[in-house]
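what follows is a predicted structure for the sequence shown.
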Amino acid sequence: MPAVRIEGGAEYACAEDDTLLRAGLRAGLGFPYECNAGSCGTCKVELLAGAISSLRPDAPGLAERDRAKNRVLACQARPTADCAIKVRLRPENVPVHRPARFLATLAGWRDLTHDMR
Ligand code: FES
């Protein structure tokens, strides 16, 4: 499981099928974020070392200028090796309830709108 070190601060583990953002929140860290979908750019971090794969390489939340500066969207970045990142954590973003994984069974569905089920 890759380790993620935040410059000047915490270190946390990130499962290979998890993102820098979700694993950081699971570790109780106050990562900045809003959409969790690659659109807003709020979760940008600078990748100082290591490697990631992006779930959404063409995400609108990341400009070409950001890519040139080695910035990645934490909500779309899965580490493929140990990483070091630079991010300004925010006390107000420390999760009151940390994200967690549970087993579930899909019992059914219904359409709510044309594009939501
Ligand atoms: S939280 Fe919006 S792009 Fe990552």
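All right, it came through fine.

residues in the chain within reach of the ligand, list them.
Taking CB under 6 Å from any ligand atom, the part of the chain that reaches the ligand is made up of 33-36, 38-43, 61, 73, 75. For the C-beta atoms, the positions are set from N, CA and C on the backbone; glycine is no exception.

just these: which are in strands?
Within the residues of the chain next to the ligand, membership in strands is found for Leu73, as judged by DSSP state E.

which of the residues of the chain next to the ligand ranks first by neighbour count?
Counting neighbours by other CB atoms under 10 Å, Leu73 comes out on top of the residues of the chain next to the ligand with 31 neighbours.

just to revisit the earlier point, which member of the residues of the chain next to the ligand is positioned nearest Ala100?
Asn36 (15.3 Å; CB to CB).

leaving out the residues flanking it, which one is nearest to that closest one?
Nearest residue to Asn36 in three dimensions, chain neighbours excluded: Cys75, at 4.8 Å (CB to CB, 6 or more residues apart in numbering).

take the residues of the chain next to the ligand and lay them out in CSV including pLDDT.
Compiled in CSV, these are given as follows (pLDDT from 0 to 100):
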residue, pLDDT
Tyr33, 97
Glu34, 96
Cys35, 96
Asn36, 95
Gly38, 96
Ser39, 96
Cys40, 97
Gly41, 97
Thr42, 97
Cys43, 98
Gly61, 95
Leu73, 98
Cys75, 98
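
output stretch 31-50 as PDB - backbone C-alpha positions only.
This file holds the C-alpha atoms of stretch 31-50, laid out as PDB (Å, rounded to 0.1, in the frame of the first residue of the first chain):
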ATOM      1  CA  PHE A  31      -7.900  18.200   2.700                       C
ATOM      2  CA  PRO A  32      -9.500  21.000   0.700                       C
ATOM      3  CA  TYR A  33     -12.200  19.700  -1.700                       C
ATOM      4  CA  GLU A  34     -15.600  20.400  -3.000                       C
ATOM      5  CA  CYS A  35     -16.900  18.300  -5.900                       C
ATOM      6  CA  ASN A  36     -14.900  15.100  -5.600                       C
ATOM      7  CA  ALA A  37     -15.400  14.700  -9.300                       C
ATOM      8  CA  GLY A  38     -12.600  16.500 -11.000                       C
ATOM      9  CA  SER A  39     -14.500  19.600 -11.900                       C
ATOM     10  CA  CYS A  40     -13.800  22.400  -9.400                       C
ATOM     11  CA  GLY A  41     -10.000  22.200  -8.900                       C
ATOM     12  CA  THR A  42     -10.300  22.800  -5.200                       C
ATOM     13  CA  CYS A  43      -8.300  19.700  -4.300                       C
ATOM     14  CA  LYS A  44      -5.200  20.500  -6.400                       C
ATOM     15  CA  VAL A  45      -2.000  19.300  -4.700                       C
ATOM     16  CA  GLU A  46       1.600  19.500  -6.000                       C
ATOM     17  CA  LEU A  47       3.200  16.100  -6.600                       C
ATOM     18  CA  LEU A  48       6.700  16.500  -5.300                       C
ATOM     19  CA  ALA A  49       7.800  12.800  -5.600                       C
ATOM     20  CA  GLY A  50       6.300   9.500  -6.600                       C
END
